[in-house]
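A.B. asks: The sequence and its predicted three-dimensional model are supplied below.
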There are 2 protein chains.
Amino acid sequence: MSQLFPTQRPKQDAVFDEPMDAYRQLFDGILSQRLAPGTKLNEVELTQLFGVSRTLIRQALQRLQLEQVVEIHKNRGAFVAAPSPDLAQQILLARHTIELAVVKLACKRCKLEDVQQLQHMIDLEQSAIDQGDMATALRRSGEFHLQLAIVAGNQPFVHALRGLISQTSLIITMYSHGGGNACARDEHSHLLAAVRQGDEEQSQQLMAHHLGHIAEGCDFTQSPQVANLKEAFAHLSVASG
Amino acid sequence: MSQLFPTQRPKQDAVFDEPMDAYRQLFDGILSQRLAPGTKLNEVELTQLFGVSRTLIRQALQRLQLEQVVEIHKNRGAFVAAPSPDLAQQILLARHTIELAVVKLACKRCKLEDVQQLQHMIDLEQSAIDQGDMATALRRSGEFHLQLAIVAGNQPFVHALRGLISQTSLIITMYSHGGGNACARDEHSHLLAAVRQGDEEQSQQLMAHHLGHIAEGCDFTQSPQVANLKEAFAHLSVASG
DNA sequence: TTCCCTTATATTGTATACAATATTATGTAC
DNA sequence: GTACATAATATTGTATACAATATAAGGGAA
């Protein structure tokens, strides 16, 4: 039950032939790493793919831009965002700040049914890992974090985290070395246990470590991997030579 | 030098006859309290006001929605947001969390030129207060806070604060009792002094007090004041009686 | 060949036209 | 007069058409 998509009610995610709006398909594609950072998003192509007019495609792209997972360059088009090493670290710092505040709130407000739902999301994530579907696992991990913010009951935090989590997905795609994410299940489980007990101190410490592990799994010294150079540098000045 | 508007370069704000996009005009109107919470934003009216087609009007409205200062209800239209008392307190809490992190960063990164610019913004705010133009003062106060985030060098914080600050403007309009904002100048000045000296502890304490004063100036127990009841409740079910 | 200029194509930006929904007005029964 | 149903209007949702810009292709000179 994907809680990462704000406007629509939950849907099964294995079925794609029913009418699903362009925003959600693109968002899901990015979060599941099917759309690589730097990829050009041609409007008429998307029109044909999703069977809607450019009006709705452009609406979806603008929304993704405001969530910072798509960059739109005037008269040049839309591209899947490819955060620089510097921006990546800003994003992780912002997540750190907000998620620490979130778990503190969650400790005070987490009900039994919230715990059950969060546990279910952990199980879903783990089953994806067991099947070797790391893209789905990554998306489900993000959904767990966002659900925590929903439980915390602070709408601005939810709003901000939605963008930050999807950006983190891009960061992991670009900078992370393989399965540094495999330890996530235990970390999520331990975190949930602390939240359930209302232990603010412990929860914040576990969250800090958890987010720290994401950052540690990344190497920001090397140049980022993007779809292809041509598109990656399409935003540069036309003046060549 | 309005730093609250992300896409365009700074402009003098006394001149309105030059081509100014719909987004900025609406945003400015809301931040300056010329557009009251709950006001219906009719698309064709805006079309005539700004001399552009509905396409651009809708683009601007969607962006404002994603910044949470406008609510769009399907087939009903767009309204200036009117945050409930509960949401208002969530917003102020989120600001508290983020701005404390911002000043801490700002202490480490604030250069001499940054100090000068921030001081200039304080002076502008004060001159607006001296002229009795509280709407402009409120907007300039927001610009000061956002500039602090820019100085702090964290893009996600800037992004989140842009929405939170404009929402705070709506909250003050709806819940604040008169001139509780008059003490702002000294608070901004003292805050800047602490940041300039790189005193993280002192800066965070001053910021916490400053934001606390905003909340203290509000009364969330009484029903919010909105443009008119009909529009304020336009989102409710059609079923009457 | 390589460089540069010109022309053709493709893509995005904006405005308009049409469809769907909601709101308001009108009229009739009670 | 009130309540309800129906028709007229207004407003939003979506698709298409046209304009502006950028990208790609072709052709001539050094």
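C.D. replies: That came through, no problem.
A.B. asks: before we move on, what SS does the residue nearest the centre of chain A have?
C.D. replies: The centre of chain A sits closest to A:Ser166, judged by C-alpha atoms, centre = their mean, with a distance of 2.1 Å. Classification of A:Ser166 using DSSP: H, G, I helix; E, B strand; the rest coil returns helix.
A.B. asks: ok, now which ones touch it?
C.D. replies: By C-beta atoms under 8 Å, 6 or more residues apart in numbering or on different chains, A:Ser166 lies in contact with A:Leu4, A:Phe27, A:Ile30, A:Leu31, A:Glu67, A:Gln68, A:Val69, A:Gly142. All C-beta atoms are positioned from the backbone trio N, CA, C, and that covers glycine.
A.B. asks: can you pull the pLDDT of it?
C.D. replies: At A:Ser166, the predicted lDDT confidence score is 92.
A.B. asks: hang on, isn't A:Gly38 packed against A:Val80?
C.D. replies: Yes. Counting by C-beta atoms under 8 Å, A:Gly38 does reach A:Val80; the two are 6.1 Å apart.
A.B. asks: nearest residue to A:Phe157 other than its sequence neighbours?
C.D. replies: A:Ala149 (5.0 Å; C-beta to C-beta, 6 or more residues apart in numbering or on different chains).
A.B. asks: can you confirm that neighbour is in a helix?
C.D. replies: Yes. Applying three-state DSSP, one finds A:Ala149 inside a helix.
A.B. asks: Now do A:Gln89: how many residues are near it, please.
C.D. replies: Burial of A:Gln89 is recorded as 16 neighbouring residues (other C-beta atoms under 10 Å in any protein chain shown).
A.B. asks: picking that back up, check the gap between the residue nearest to A:Phe157 and B:Leu211 for me.
C.D. replies: 21 Å (C-beta to C-beta, to the nearest Å).
A.B. asks: Looking only at neighbour counts, state which of those two leads.
C.D. replies: A:Ala149 (26 against 20).
A.B. asks: Now do the same contact list for the residue nearest to A:Phe157.
C.D. replies: By C-beta under 8 Å, 6+ apart, the neighbours of A:Ala149 are A:Ile98, A:Glu99, A:Val102, A:Ala106, A:Phe157, A:Val158, A:Leu161.
A.B. asks: which one of the residues you listed is nearest B:Gln116?
C.D. replies: The closest of those to B:Gln116 turns out to be A:Ile98 (C-beta to C-beta; 30.8 Å).
A.B. asks: Please tell me how far that closest one sits from B:Ala128.
C.D. replies: 32 Å.
A.B. asks: Could you check which of the two is surrounded by more residues?
C.D. replies: A:Ile98 (24 against 18).
A.B. asks: on contacts alone, who are the packing partners of whichever strand or helix holds A:Asp123?
C.D. replies: Using DSSP states H and E, A:Asp123 sits within helix A:112-130. Helices and strands touching helix A:112-130, as assessed by 3 or more C-beta pairs under 8 Å, 6 or more residues apart in numbering or on different chains; DSSP states H and E, comprise helix A:134-152, helix A:184-196.
A.B. asks: Contacts for the last one, please.
C.D. replies: By C-beta under 8 Å, 6+ apart, the residues outside helix A:184-196 that reach it are A:103, A:106-107, A:110, A:115, A:118-119, A:122, A:125-126, A:129, A:137, A:141, A:144, A:148, A:202-203, A:206-207, A:209-210, A:213.
A.B. asks: all strands of chain A, in order?
C.D. replies: A:40-41, A:70-73, A:77-80 (DSSP state E).
A.B. asks: ok, now which ones touch A:Val115?
C.D. replies: A:Leu192, A:Val195, A:Arg196.
A.B. asks: can you pick the most crowded of those?
C.D. replies: A:Val195 (29 neighbours).
A.B. asks: I'd like the distance between A:Ile150 and chain B.
C.D. replies: 12 Å (C-beta to the nearest C-beta, to the nearest Å).
A.B. asks: Near that residue, how many other residues are there?
C.D. replies: 18.
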